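In: Sharing a model prediction with you, sequence too.
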Amino acid sequence: MKKLFLYLFLVTRLISSTEYTGAVGVTNINLPAGSSASASYTFLSTAYNQDPAYSGTIDAINGASLTLADFSLADYDDHELTQSPHLLRVVDGNADGNADLSSTVNGMIFPVIGHVGDVVTINATSSEISTYLALYDGVEIIQANTLESLFGAGDDFVGLSGKPSSGDNILVWDSVGWKVYFHYNNKWQTFGTRSDQKATIIYPDEGMIYVRRSDALTLSFSGYIPNAVQSYLPPPDHKFLMSNPFPVAMTLSELIDTSSNWESSNTVIDADQILVWTGSAWGIYFYNGSDWINSLTGEIDDKSIEAGASFMILRSQSLGVSEGYNKIDLPD
């Protein structure tokens, strides 16, 4: 059961000579009690961005290195943006006047991997640069949500520390399987490395599963509510654990654009599928070309995904679908 406390008030702040106005909210998520023998599983999403460190425009593009207008006014030392994870987000895409394209690129994000002066380098391919970025686009630099910022680390960890079989786990889908994170020996860990994982980024479109092995716990996520989020669509025959990226309940028709790059069918086996965990089994939904269908009942069911929740996308084997992104807008 999730409780939503959404304080939709306007916050205005001067950042790098530009004015940023956004809504702020808080979502409380109740995790059921569990134990080592019988853990509880809660499908989570964060639904918030951090306070923008910069808001401005792109003055020049040189490969993946972008010159940002008046970025020096944000008062960051060289390389400071890479000392903790930061993202560049498109908020007013293709300001060259292509209105059709700008409606599709807003909400796209890229990790920042370098920063000197007014030049910020992002982790993006040349194809992504040409598709999603153009001169004079409006962009923001935001601090990324991480395991540490969402759940704490060290003495501030809010869950149950311990080995993966006895402590709480965070599960994230990494395209081929579940990546398991656990807080043990005073730091975030995962299998295959001893390095601290506290800076692991949880992207706005990325869902998580919280595996609880102790008493009931309430998590609180807060921050700025984005106006648009680009959600990843995996290639054929692949999966992705997708978030509801906003702190309000959203129906499948609001979360998934079925007009393109989505396989519709009158039979569930031939369609792209949405899997929603019920607590004991998967509820499976598919789009038949006109309506969302509950595969168990066969009835029309535009399933509502709660605030703070996540769900699985399971792509069909159809050659008519491809890897890409699905833009989701905050409901009016």
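Out: Yep, it's here.
In: Every contact and neighbour count from this point should use C-alpha atoms.
Out: Will do.
In: the bottom helix or strand of the protein by mean pLDDT?
Out: Within the chain, confidence by mean pLDDT, DSSP states H and E is lowest for strand 10-15 among all helices and strands, at a mean of 29.
In: Give the partner strands of the one helix or strand residue 210 maps to in its sheet and their orientations.
Out: Using DSSP states H and E, residue 210 maps to strand 208-212. Sheet pairing of strand 208-212 (DSSP bridges) gives strand 40-44 (antiparallel), strand 169-173 (antiparallel).
In: Run the chain-centre distance for the last one.
Out: Mean C-alpha position of strand 169-173 versus that of the full chain (Cα atoms, centre = their mean, to the nearest Å) differs by 14 Å.
In: Ok, stretch 218-237 next?
Out: Its chain's C-alpha centre and that of stretch 218-237 lie 3 Å apart, by Cα atoms, centre = their mean.
In: what about that stretch, how long is it end to end?
Out: Using Cα to Cα, to the nearest Å, the end-to-end distance of stretch 218-237 comes to 35 Å.
In: ditto for stretch 56-76
Out: 15 Å.
In: now do stretch 176-189
Out: Stretch 176-189 end-to-end distance (Cα to Cα) = 19 Å.
In: what's next to it, contact-wise?
Out: With Cα atoms under 8 Å, 6 or more residues apart in numbering as the test, stretch 176-189 has contacts from 147, 153-155, 157, 160-164, 167-173, 190-191, 195-198.
In: Also stretch 121-138?
Out: Here stretch 121-138 has contacts from 55-61, 63-66, 88, 90-96, 105, 108, 110-115, using Cα under 8 Å, 6+ apart.
In: if we can go back for a sec, now do the very next helix or strand once past the strand holding residue 210: distance to the chain's middle.
Out: Scanning forward in sequence from strand 208-212 by DSSP H and E, the next helix or strand is strand 217-224. Offset of strand 217-224 from its chain centre (Cα atoms, centre = their mean): 15 Å.
In: From the contact counts, what lies against strand 217-224?
Out: Contacts defined by 3 or more Cα pairs under 8 Å, 6 or more residues apart in numbering; DSSP states H and E place strand 217-224 against strand 18-31.
In: cutoff 10 Å now
Out: strand 2-5, strand 18-31, helix 147-151 (3 or more Cα pairs under 10 Å, 6 or more residues apart in numbering; DSSP states H and E).
In: Surely residue 140 is in contact with residue 56?
Out: Yes - applying Cα atoms under 10 Å, one finds residue 140 in contact with residue 56, separated by 6.5 Å.
In: where's residue 113 relative to residue 231, distance?
Out: 21 Å.
In: tell me which residues in the helix or strand hosting residue 285 are buried?
Out: Element membership for residue 285, per DSSP H and E: strand 282-287. For strand 282-287, a neighbour-count test (16 or more other Cα atoms under 10 Å) marks 283-287 as buried.
In: which helices and strands sit right next to the helix or strand that comes right after it?
Out: Counting by DSSP H and E, the element after strand 282-287 in chain order, helix or strand, is strand 292-294. If contacts are counted by 3+ Cα pairs under 10 Å, 6+ apart, strand 292-294 sits against strand 282-287.
In: any idea of the mean pLDDT in the strand it packs on?
Out: The pLDDT scores in strand 282-287 average 97.
In: which residues are contacting that strand?
Out: Outside strand 282-287, the residues that touch it by Cα atoms under 10 Å, 6 or more residues apart in numbering are 252-253, 256, 258, 262-277, 292-296, 298, 300-303, 311-314.
In: Residue 304: neighbour count?
Out: 14 (other Cα atoms under 10 Å).
In: That one: what's it in contact with?
Out: Neighbours of residue 304 in contact, by Cα under 10 Å, 6+ apart: 244, 249-255.
In: got a winner among these for most neighbours?
Out: residue 244 (30 neighbours).
In: Was I right to think that one contacts residue 250?
Out: Yes - assessed by Cα under 10 Å, residue 244 is found in contact with residue 250 at 7.1 Å.
In: In the helix or strand residue 59 falls within, which residues are buried?
Out: Assigned by DSSP H and E, residue 59 belongs to strand 52-62. Neighbour counts over strand 52-62 (16+ other Cα under 10 Å) mark 52-59, 61 as buried.
In: again with stretch 293-311
Out: 293-295, 300-303, 305-311.
In: Kindly provide the whole-number mean pLDDT of it.
Out: 97.
In: same thing with stretch 192-210?
Out: 96.
In: tell me how far it is from the chain's mean position?
Out: 12 Å.
In: What residues of that stretch count as buried?
Out: Residues of stretch 192-210 classed as buried: 197-210 (neighbour count, 16+ other Cα under 10 Å).
In: With only the CA atoms kept, save it in CSV.
Out: Provided in CSV are the C-alpha atoms of stretch 192-210 (Å, rounded to 0.1, in the frame of the first residue of the first chain):
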residue,chain,number,x,y,z
GLY,A,192,31.9,-9.7,-8.9
THR,A,193,33.7,-6.7,-7.3
ARG,A,194,34.6,-5.4,-3.9
SER,A,195,34.5,-1.7,-4.9
ASP,A,196,31.9,0.5,-3.2
GLN,A,197,28.7,0.7,-5.3
LYS,A,198,27.1,3.7,-3.6
ALA,A,199,27.4,5.9,-6.7
THR,A,200,25.4,3.4,-8.9
ILE,A,201,23.0,5.6,-10.9
ILE,A,202,19.2,4.8,-10.8
TYR,A,203,17.9,6.4,-14.0
PRO,A,204,14.5,8.2,-14.1
ASP,A,205,12.9,5.4,-16.3
GLU,A,206,14.5,2.6,-14.3
GLY,A,207,12.5,0.5,-11.8
MET,A,208,13.9,-1.4,-8.8
ILE,A,209,12.8,-4.2,-6.6
TYR,A,210,13.3,-3.8,-2.9
